[in-house]
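how would this look folded up:
(one chain, ligands or ions: 1)
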Amino acid sequence: MKNLTSDELRSMYLEFFKGKGHAVIKSASLIPENDPTVLFTTAGMHPLVPYLMGEKHPAGARLADVQKCVRTGDIDEVGDESHCTFFEMLGNWSLGDYFKKEAITWSYEFLTSEKWLGIDSDLLYFTCFAGDADAPKDTVSHGFWAELGVKDDHIFYLEKKYNWWGPAGQSGPCGPDTEMFIDTGKPACGPDCDPSCGCGKYLEIWNDVFMEYNKRQDGTFEPLSQKNVDTGMGLDRTIAILQGKSSVYETDVFAPILAKIQALSGAAYEGADEQMKRAFRIVADHIRCAAFMIGDEKGITPSNVDQGYVLRRLLRRAIRFAGKLGVPENKLAEVAQVVIDKYGAAYPELVENSKRITGEVAKEEERFQKTIRQGLKEFEKVAAGLQNGVIGGKSAFRLYDTFGFPIEFTLELAEERGIKVEKDGFDEAFRRHQQLSHAGAEQRFAGGLADTGEQTARLHTATHLLLAGLNKVLGGDISQKGSNITAERLRFDFNFPRKVEKDELDRVEEFVNEAIAAGVDVKMEEMSVDEAKQKGATGVFDAKYGEVVKVYTVPGYSMEICGGPHAKNTADLGKFKIKKEQSSSSGVRRIKAVLEQ
Ligand code: ALA
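Numbering: from 1, shown residues only. Model prediction:
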């Protein structure tokens, strides 16, 4: 097996699929475009949903990429051997082109051929979908693995829970998958040990999804108009295997980051006990993830809502654990700089935005230190007023909710002084609070990119007109910072340093309604990014599709790079109405608007 660095694996993967006729496309932003269902891009397929649903991709029907992804659902597991909040997914795509035979043959070739990864085929195990009422048993995939020489006892049939891929609980493209595992050398956990048992013997490294169904909003399935392949190989996991490491945190990726934390803290990572190791890994993982979030082409900053909230939580958790390791205050920007240096060649946006990354990390650390000092004072007040030596759940929650004082700090301080904390009461108050606020939840409304309904298309077009209107009324420097469209309304974030006044909003509304009244056809053209820029198209997509992009024009009003879908004529839009203008995060305003019929 080849011992590759992360940079080498990225290049090798893309080179292999280029050789199989794939166009290499750039990673999309971590912040989904026009998709209200998730806060972050959680898999390589996510930005490609419109194309999996049948829209034509400008780069062709065979694509390969390395997509940056964030999943914060299992943030509490970060720090074990394989969980991270940020990860890179290597993927190859067939948009109605090849299907199971080619996908499986190429996966096998890339994994086992001496020219590529050269993994000993005896170490590899495979799973296929066992079949149920929604779709048949995948004997076809099983057959292709067998043809390649894989023995029967290396192939398992597993149920939908393990061998089906599709956005859970949502509508969208989905289908059975076949997964590839490597034997880590750990002993089997028992006679029933298989790749689904999670004991650690088998580590999943790659997943080939055969997307041939669309899951409807009502949970039923319909065949897709085209059959697609969506694959995802975890970069961190695969290099851990290739480098002979038992943990993703021991690879060339994390080595310089952990070394920096070690140097700052004075504590040693090697030989540290599990708890200390975990603290090191949490700091490394969270700062890596934060650097990618802030450094993203649609960079976000810490705030109390949506993506900014998740970022704030990651940074504050990193700060807390860095404190435990003895890292002095206000040093985490230096750790972020190491992340920038390590990933800069593969992700130039990190280098371009390096000042923003280190600046935001430093600012958030200062803010948090201030919060903690304030919280400490409040804690002292609470502690001084105790009658029975117990801090009630509600008081602990108030420290957390009103003063931002982490519950862990309350628990630690209380323990030092022999004070008890009603943790159950805190948990109860916390749960109630979580149910009320949606911040922090990754999965949200239904709909999203898979929603190509007419009203959604109209709102997409209205969003372009809104951006053009804002530029006209507020001067030409407005660009999109985020967009979120449901069938009912649009939400649009843009850079602007102050509140937008009522009369300005009125003029923007007028501009959009004028374009609607003019009843012009919306035009779509494909061209290179450079050409689009030359023609004056706006759009945040310029790093996304590599060479060719779609440009939607509302002649006389707007020209924007976008993946669609859009209304055919502005007259279809109805009446445009701005419902709300508010702050979204520092330097970013948010507008909510609707189309009234
Ligand atoms: N979309 C598939 C996954 O994320 C490849 O596992």
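
Looking from the ligand, tell me which residue of the stretch 51-200 of the chain is nearest.
Residue of the stretch 51-200 of the chain nearest the ligand, by CB to the nearest ligand atom: residue 165 (4.9 Å). No exception for glycine: its C-beta is placed from N, CA and C like everyone else's.

Pairing partners for the residue of the chain at minimum distance from the ligand in the sheet, please.
In the chain, the residue that lies nearest the ligand is residue 232 (2.9 Å; CB to the nearest ligand atom). Note on residue 232: beta-bridge partners by DSSP bridges are residue 207.

Contacts only, for it.
Residue 232 is in contact with 43, 44, 45, 89, 90, 91, 206, 207, 209, counting by CB atoms under 8 Å, 6 or more residues apart in numbering.

Quick one: neighbours of residue 596, just the number.
8 (other CB atoms under 10 Å).

Identify the residue nearest it in space, chain neighbours excluded?
Take residue 596 and drop its neighbours on the chain: the residue closest to it by CB to CB, 6 or more residues apart in numbering is residue 575, 4.5 Å away.

Now do the same contact list for that neighbour.
For residue 575, the contact set (CB under 8 Å, 6+ apart) comprises 513, 516, 595, 596, 597.

what sits against the residue nearest to the last one when sequence neighbours are not counted?
Computed as CB to CB, 6+ apart, the closest residue to residue 597 that is not its neighbour in sequence is residue 574, at 4.5 Å. Applying CB under 8 Å, 6+ apart, one finds that residue 574 lies in contact with 458, 516, 595, 596, 597.

Next one: residue 574, what pLDDT does it get?
The per-residue pLDDT reported for residue 574 equals 91.

Tell me how far the residue of the chain closest to the ligand lies from residue 158.
The gap separating residue 232 from residue 158 is 17 Å, by CB to CB, to the nearest Å.

which residue ranges form the helices in the stretch 51-200 of the chain?
Ranges of helices in the stretch 51-200 of the chain, per DSSP state H, counting those that start in this stretch, are 100-112, 139-147, 160-163.

Residue 93 and residue 63 touch, don't they?
Yes - between residue 93 and residue 63 a contact is recorded at 4.2 Å, counting by CB atoms under 8 Å.

Is it correct that residue 491 falls within a strand?
Yes - judged by DSSP: H, G, I helix; E, B strand; the rest coil, residue 491 forms part of a strand.

List the single closest residue to it in space, sequence neighbours excluded.
In this structure, residue 491 finds its nearest non-sequential neighbour in residue 484, 4.3 Å apart by CB to CB, 6+ apart.

And residue 428, by the same measure?
Once flanking residues are discounted, residue 428 sits nearest to residue 393: 6.3 Å by CB to CB, 6+ apart.

show me the contacts for residue 394.
Residue 394 touches 425, 429, counting by CB under 8 Å, 6+ apart.

still on that earlier bit, any idea which of the contacts of residue 574 the model trusts least?
Within these, residue 597 has the lowest pLDDT, namely 78.

Can you list the low-confidence ranges for the chain?
For the chain, the stretches with pLDDT under 70 are 34-37, 74, 76, 167-170, 434-452, 540-547.

what sits against residue 321?
Residue 321 sits next to 279, 282, 283, 286 when contact means CB under 8 Å, 6+ apart.

interface residues of this protein facing the ligand?
Selection of the chain residues close to the ligand by CB under 6 Å from any ligand atom yields 43, 45, 165, 207, 209, 230, 231, 232.

now stretch 277-296, how far from the chain's geometric center?
From the chain centre to the centre of stretch 277-296 is a distance of 14 Å (CA atoms, centre = their mean, to the nearest Å).

and that stretch, which residues are buried?
Buried residues in stretch 277-296, counted by 16 or more other CB atoms under 10 Å: 277-296.

Just to be sure, which of the residues you listed are found in helices?
Taking DSSP state H as the definition of helices, the buried residues of stretch 277-296 contribute 277-295.

I'd guess the residue nearest to residue 491 is in a strand, am I close?
Yes - with three-state DSSP as the criterion, residue 484 is part of a strand.

Please report the distance of it from residue 55.
For residue 484, the distance to residue 55 equals 20 Å [CB to CB].

Could you check which of the two has the larger neighbour count?
Shown here are residue 484 and residue 55; by other CB under 10 Å, residue 484 has more neighbours (24 against 16).

Touching the helix or strand encompassing residue 550 from outside, list them.
Using DSSP states H and E, residue 550 sits within strand 548-554. Contacts of strand 548-554 with the rest of the structure, by CB under 8 Å, 6+ apart, involve 58-59, 461, 464-465, 468, 515, 520, 522-529, 532, 535, 537, 539, 541-542, 558-564, 566, 570.

Just the buried residues of the residues you listed.
Buried members of the contacts of strand 548-554, scored by 16+ other CB under 10 Å, are 58-59, 461, 464-465, 468, 515, 520, 522, 527, 529, 532, 537, 539, 541-542, 558-564, 566, 570.

Which ones among those lie within helices?
Checked against DSSP H, those include these in helices: 461, 464, 465, 468, 515, 529, 532.

Would you mind putting these into CSV with distance to residue 111 alongside?
Converted to CSV, these look like this (distance: CB to CB, whole Å):
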residue, distance to residue 111
461, 45
464, 44
465, 49
468, 49
515, 53
529, 34
532, 38
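
how about the residues you listed, which pair is most distant?
Pairwise distances across those (CB to CB) peak at 25.2 Å, for the pair 515 and 529.

my guess is residue 299 meets residue 354, correct?
No - using CB under 8 Å, residue 299 makes no contact with residue 354, being 11.4 Å away.

about what we covered before: give the partner strands of the strand holding residue 550 in its sheet and their orientations.
Sheet pairing for strand 548-554, assigned by DSSP bridges, gives strand 523-528 (antiparallel), strand 558-561 (antiparallel).

how about those strands in TSV, adding distance to residue 480?
Shown next, in TSV, are these (distance: least, CB to CB, whole Å):
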stretch	distance to residue 480
strand 523-528	19
strand 558-561	9
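
Residue 81 is nearest to which of those?
strand 558-561 (41.1 Å).

Send me the closest one as PDB with only the CA atoms.
C-alpha atoms of strand 558-561 as PDB (Å, rounded to 0.1, in the frame of the first residue of the first chain):
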ATOM      1  CA  SER A 558     -29.500  41.800 -13.600                       C
ATOM      2  CA  MET A 559     -26.800  39.400 -14.700                       C
ATOM      3  CA  GLU A 560     -25.700  36.800 -12.300                       C
ATOM      4  CA  ILE A 561     -23.800  33.500 -12.200                       C
END
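
Fine by me, thanks again.
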